[in-house]
Each structure stands twice: as C-alpha cells, then as structure tokens.
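J.: What follows is a predicted structure for the sequence shown.
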Amino acid sequence: MTKKELVEAIAKDAGVSKKAAGVALNSFVTAVGKAMKKGQRLQLPGLGTFSVVKRSARVVRNPRTGAKLNVPAKKVVKFKPAPALNKGL
C-alpha cells in the first residue's frame, strides 16, 4: 500500500476529504518520528508497539571479498505486532 492509497482509505473510512486525511497522516508520522527520536515507546492497540533499541557494535564479513568490517553501535526502531494483528494474518 502506498501513502496515496492509505490517505484515500483513511478519507473514505473517516468520511473526511483526502486533504484532511493527508494532513492527519503527516501529523501522525511527525509525532511518531519525534517520539522515536526521544527514545519513547508508542503502543497502538490492535496494531503493535514501536520502540527504540540499541544495537551493539559488531564485526561483519563482506561475503564477496571476505574482508572484515566494523559496524558501529546504533539505535534502531523496532516494531512488535499486536497479537490481534498476528492472529489475522
């Protein structure tokens, strides 16, 4: 599903214009991005939980050359689906 299709689905389901649905979706994405940058957790019942986890530094191997590379530690966003979402798949 593309962003355009999602905006259309939201507009149809909520009975609002596509422009209003687009503004709401952009606002949601911005709010989620700000929460993730602060390291906060976002829990959406029926959908799942977004959280920030820290990946430790590690050494990996380039499969083509066999050379070892150091990958630095970093923070990444993790998504854990809700049981209701998993059950419906």
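T.: Yep, it's here. On a predicted model such as this, the values are computed, not experimentally measured, just so you know.

J.: mind listing what P45 touches?
T.: A82 (CB atoms under 8 Å, 6 or more residues apart in numbering). To be clear about C-beta, it is placed using only N, CA and C from the backbone, and glycine gets the same treatment.

J.: Can you report phi and psi for it?
T.: For P45, the backbone dihedrals (degrees, to the nearest 10) come out as phi -60, psi 140.

J.: same check, this time on S56
T.: Per degrees, to the nearest 10, the backbone of S56 is at phi -80, psi 160.

J.: cool, and K38?
T.: phi -80, psi -10.

J.: Excluding residues flanking it in the chain, which one is nearest K18?
T.: Ranked by CB to CB, 6 or more residues apart in numbering and with sequence neighbours excluded, the top spatial neighbour of K18 is A11, at 4.6 Å.

J.: can you pull the pLDDT of the one you found?
T.: pLDDT recorded at A11 is 96.

J.: Spit out the contact partners of it.
T.: Per CB under 8 Å, 6+ apart, neighbours of A11: 17-18, 20-21.

J.: do the same with T49
T.: Residues in contact with T49, defined by CB under 8 Å, 6+ apart, are 41-43, 79-80, 82.

J.: follow-up on the earlier one: would you mind measuring from the residue nearest to K18 to G39?
T.: The gap separating A11 from G39 is 33 Å, by CB to CB, to the nearest Å.

J.: Can you tell me what sits against the helix or strand of the chain with the lowest mean pLDDT?
T.: Within the chain, no helix or strand scores below helix 83-87, which has a mean of 86 by mean pLDDT, DSSP states H and E. With contacts defined as CB under 8 Å, 6+ apart, helix 83-87 is touched by 46-48.

J.: Could you rerun that using 6 Å?
T.: G46 (CB atoms under 6 Å, 6 or more residues apart in numbering).
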